[in-house]
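Colleague: Prediction below, plus the sequence it came from.
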Amino acid sequence: MSFAASVLTLYPEMFPGALGLSLAGRALETGTWSLEAIQIRDFASDKHRTVDDKPAGGGAGMVMRADVLAKAIDHASPPGDPRPRLLMSPRGKPLTQARVRVLAAGPGAVILCGRFEGVDQRLIEVRGLEEVSIGDFILSGGEPAALVLLDAVVRLLPGVMGNAVSGEEESFENGLLEHPHYTRPQEFEGRPIPEVLISGNHKKIAEWRRAEAEKLTRERRPDLPGIQPLAK
Ligand code: SAH
């Protein structure tokens, strides 16, 4: 069973975009996952195909209409569709590797991309949308955020990454940032590769990597769960 993504957007041309290339693109071609980009405007009912309107209560910008979005969602995700319904939103829960893993293990996702000031609150409540943020900054639309989320999910699908082990050692997988990497040449601008890495002693190498990962995480991301507070 492959991972099925349905993306609701005013810019279906943005998909698959970067996900049509490299590992994700190959996996899309071979059917490891599927992607359907649905034009929200097709569900507008007036002759101008209006999808937004002025915010109730006044203020700048426009808001995406609940009625039009509900029709688009019901088309993409009829009752009984087991896939989670996500709304890309800076107000959402920040996306984590743990959430990405759960999504990748599931049947797919229905992803709504906001534009303008966002979407009518009633739509979020009535259609049970899970708001997902990709970070504390504002994009002009949800499309790049959806591409980011799908990239993170697709690389975890079975068979997409050549070397599965490399996924397990990655940053965040064990609550730590990853250790530094080195490759040839042996010496670069006067700097040699750390000696332990060319020692051939696998136990020493594993210990060194673990210590480096902990040091880096302590310096940069003491909030990550792999870091225990230092004993007093
Ligand atoms: N007025 C809103 C921002 C709207 S930005 C606010 O202040 O919260 C327009 C759209 O871009 C949003 O509806 C959302 O779909 C998308 N977007 C912007 N920043 C995002 C982020 N950090 N993560 C996920 N989606 C984001």
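Modeller: Now that the structure is in, tell me what you want to look at.
Colleague: which regions of the chain lie under the pLDDT threshold?
Modeller: Judged against pLDDT under 70, the low-scoring parts of the chain cover residues 163-168, 230-232.
Colleague: Close to the ligand: what parts of it are there?
Modeller: Taking CB under 6 Å from any ligand atom as the test, the list of the chain residues beside the ligand reads 88-91, 113-115, 117-118, 133-135, 137-139, 141-142, 145. Yep, even glycine has a C-beta here, placed from its N, CA and C like the rest.
Colleague: Identify the residue of the protein closest to the ligand, quick one.
Modeller: Evaluated by CB to the nearest ligand atom, the chain has residue 114 as its residue closest to the ligand, separated by 2.1 Å.
Colleague: Let me see the backbone angles for that residue.
Modeller: Torsion angles at residue 114 (phi, psi; degrees, to the nearest 10) stand at phi -80, psi 160.
Colleague: Which of the residues of the chain next to the ligand fall in helices?
Modeller: Among these, the ones falling in helices (DSSP state H) are residue 145.
Colleague: Please pick the buried ones from the residues of the chain next to the ligand.
Modeller: Using 16 or more other CB atoms under 10 Å as the burial test, the residues of the chain next to the ligand include 88-90, 113-115, 118, 133-134, 139, 141-142, 145 as buried.
Colleague: Present those residues as TSV; the columns should include distance to residue 26.
Modeller: Converted to TSV, these look like this (distance: CB to CB, whole Å):
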residue	distance to residue 26
88	25
89	30
90	32
113	24
114	30
115	30
118	35
133	29
134	24
139	27
141	27
142	25
145	23
